[in-house]
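**Q** What follows is a predicted protein model with its sequence.
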Amino acid sequence: MKLFAIFLLAAWLASFLRAPDKAPELFAVLPARDGHIGAIVVKSGDSEPTVINSAYGAVRVAGGRRTPAILEYSQVREMFGETLDALPGTPTSYMLYFLEGKDELTDESKRELENVFADLKRRPLPDIMVIGHTDTVGAMDFNDRLSRARADRLREMLIGLGLPADRIQAAGRGERELLVPTADDVSEPKNRRVEISVR
Amino acid sequence: MRKALIGMAVAVAAAFPALAADVGLVKVSKGSVQIERNGAKVAAPVGAAVQASDVIMTGADGSAGITFTDNSLVSVGPNSVFAIDKYRFDSTTHAGEFEGSLRKGRLAAISGKMVKQSPESMKIRTPSAIMGVRGTEFVVQVDEEKK
């Protein structure tokens, strides 16, 4: 009789342990390729959101109830192997530098452009984004225009070298994204650049 | 004359509907992968454009990977249905919003520039929950109801 009670108790407990496996929804954080651990916030119903910010940290949602969990790498591979294998290649980017106040590349960057072009040419169906930047010399709106002119100029050069025009977009960020932070009105060669990102 | 010009403009606009609203591109397409757009289903091979309000669907042997204009990467596994509910991204300010719904199946994603600029600008809904993305790499699964 006592044995039977223990059996019942064990079965009851086991039903709790098994329950998460049947959970219809699962959210999990994975470590990024560079090792960075991100965070996600999961909300359901009116209760406080669950923040997950550890590697393989997860939350299961079933019947309106959220259950935190930690997954094993092997579980993630088993469940999401085909899905993760379909993630497109990580985008990369290149940097080229310009002469002060102009949309003309420095001599060094003119040479570097050939290497960049060779890399871009190897990618199937590339999506290329050319983003122009300036240093803090000059007014904001002047730098917005200059950064765009630098990006447009580089885009034309890439098209001239043989990359398809419909795969290359250009944008200017003005002085919003300084590579080397400076005060206003500081001439800084490293900030006069275009970033060519490809995915 | 004027009517003819307007007619031509409409015809040209109709011929290139993809140009205006492309928000992403199919980079990986294995097995059966389809896009449902305005009620019609079309095959989605590598190179197919993805637009806001598209629904990506995969068969039992299917999986697909998409790059978005803010560099977000999203993939879906077999037997999955993923709807892009909202997508906009400003390449100058990096402001934007990305809302998608995983109706069933599996999804993996790496967030892009808009999340870096403003955390939780990317959201993924499931039938009973909603996830805000602060970064960077994550997975979501929605099992089909057991019958």
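**A** Perfect, I can see it now.
**Q** Only C-alpha atoms from now on, for both contacts and neighbour counts.
**A** OK.
**Q** Low-confidence stretches in the chain?
**A** No chain in the question, so chain A it is. A:1-23, A:90, A:124 (pLDDT under 70).
**Q** I was thinking of chain B, sorry if that wasn't clear
**A** Chain B contains residues with pLDDT under 70 at B:1-20, B:144-147.
**Q** give me every residue that touches the residue nearest the centre of it.
**A** Nearest to the mean C-alpha position of chain B, by CA atoms, centre = their mean, lies residue B:84 at 4.5 Å. Taking CA atoms under 8 Å, 6 or more residues apart in numbering or on different chains, we find residue B:84 in contact with B:51, B:52, B:53, B:54, B:55, B:98, B:99, B:100, B:101.
**Q** Report the buried residues of the helix with the most length in chain A.
**A** The longest helix of chain A (DSSP state H) is helix A:140-161. Across helix A:140-161, burial judged by 16 or more other CA atoms under 10 Å in any protein chain shown covers A:143-156, A:158.
**Q** And stretch A:120-133, by the same measure?
**A** A:120, A:126, A:127, A:128, A:129, A:130, A:131, A:132, A:133.
**Q** Name the residues of chain A found near chain B, please.
**A** A:23-32, A:36-45, A:61, A:64, A:80, A:82-84, A:86-88, A:91, A:125, A:171-173, A:199 (CA under 8 Å from any CA of the partner chain).
**Q** Report the buried members of those.
**A** With burial judged by 16+ other CA under 10 Å, the buried subset of the residues of chain A next to chain B is A:23-31, A:37-44, A:61, A:80, A:82-84, A:86-88, A:171-173, A:199.
**Q** Can you list which of those are found in strands?
**A** A:25-30, A:39-43, A:61, A:171-172 (DSSP state E).
**Q** Could you measure from residue B:27 over to chain A?
**A** From residue B:27 across to chain A, the span is 6 Å (CA to the nearest CA, to the nearest Å).
**Q** Hmm, residue A:88 and that residue touching each other?
**A** Yes: contact criterion CA atoms under 8 Å: residue B:27 and residue A:88 qualify, at 6.1 Å.
**Q** Do a quick rundown of the helices in chain B.
**A** For chain B, the helices defined by DSSP H occupy B:2-15, B:17-21, B:113-117.
**Q** Repeat that for chain A.
**A** With DSSP H applied, chain A shows helices at A:2-18, A:73-85, A:107-122, A:140-161, listed in chain order.
**Q** Please name whichever of the ones you listed is nearest to residue B:119.
**A** Among those, the nearest to residue B:119 by CA to CA is helix A:73-85 (22.8 Å).
**Q** For residue A:42, which residues count as its bridge partners?
**A** Counting by DSSP bridges, residue A:42 forms beta bridges with residue A:50, residue B:131.
**Q** Report the contact partners of it.
**A** Shown in contact with residue A:42 (CA under 8 Å, 6+ apart): A:27, A:49, A:50, A:51, A:52, A:59, B:129, B:130, B:131, B:132.
**Q** and what of residue B:114?
**A** B:70, B:89, B:94, B:95, B:96, B:97, B:121, B:122.
**Q** and the last one, how many neighbours does it have?
**A** Neighbouring residues of residue B:122 were enumerated by other CA atoms under 10 Å in any protein chain shown; the total is 23.
**Q** That one touches residue B:89, doesn't it?
**A** No: Residue B:122 is beyond contact range of residue B:89, at 10.9 Å (criterion: CA under 8 Å).
**Q** Could you double-check that residue B:72 sits in contact with residue B:113?
**A** Yes: taking CA under 8 Å as the definition, residue B:72 is a contact partner of residue B:113 at 7.2 Å.
**Q** neighbour-wise, which of these two wins?
**A** residue B:72 (23 against 18).
**Q** residue contacts, that one?
**A** Neighbouring residues of residue B:72 by CA under 8 Å, 6+ apart: B:109, B:110, B:111, B:112, B:113.
**Q** likewise residue B:64?
**A** Residue B:64 neighbours (CA under 8 Å, 6+ apart): A:83, A:86-87, B:26-30, B:33, B:58, B:75-77.
**Q** most neighbours, which of those residues?
**A** residue B:76 (35 neighbours).
**Q** So that one is in contact with residue B:65, correct?
**A** Yes: using CA under 8 Å, residue B:76 is in contact with residue B:65, at 6.6 Å.
**Q** Between these two, which contacts overlap?
**A** residue A:86.
**Q** Look through chain B and tell me its longest strand.
**A** Looking across chain B with DSSP E, the single longest strand is strand B:96-110.
**Q** how much space between the closest residue to residue A:198 other than its chain neighbours and residue A:158?
**A** Distances taken as CA to CA, 6 or more residues apart in numbering or on different chains place residue A:128 nearest to residue A:198, at 4.5 Å, with adjacent residues excluded. Remark: distance between residue A:128 and residue A:158 (CA to CA, to the nearest Å) = 10 Å.
**Q** just to revisit the earlier point, from the contacts of residue B:64, which land in strands?
**A** Secondary structure assignment (DSSP E) places B:26, B:27, B:28, B:29, B:30, B:33, B:58, B:75, B:76 from the contacts of residue B:64 within strands.
**Q** Need the max-distance pair from the residues you listed.
**A** By the measure CA to CA, B:27 and B:58 form the most distant pair in the ones in strands among the contacts of residue B:64, at 14.5 Å.
**Q** circling back to that earlier point, for the contacts of residue B:114, which entry has the maximal number of neighbours?
**A** Among those, residue B:122 has the most neighbours (other CA under 10 Å), with 23 neighbours.
**Q** Thank you kindly, that will do.
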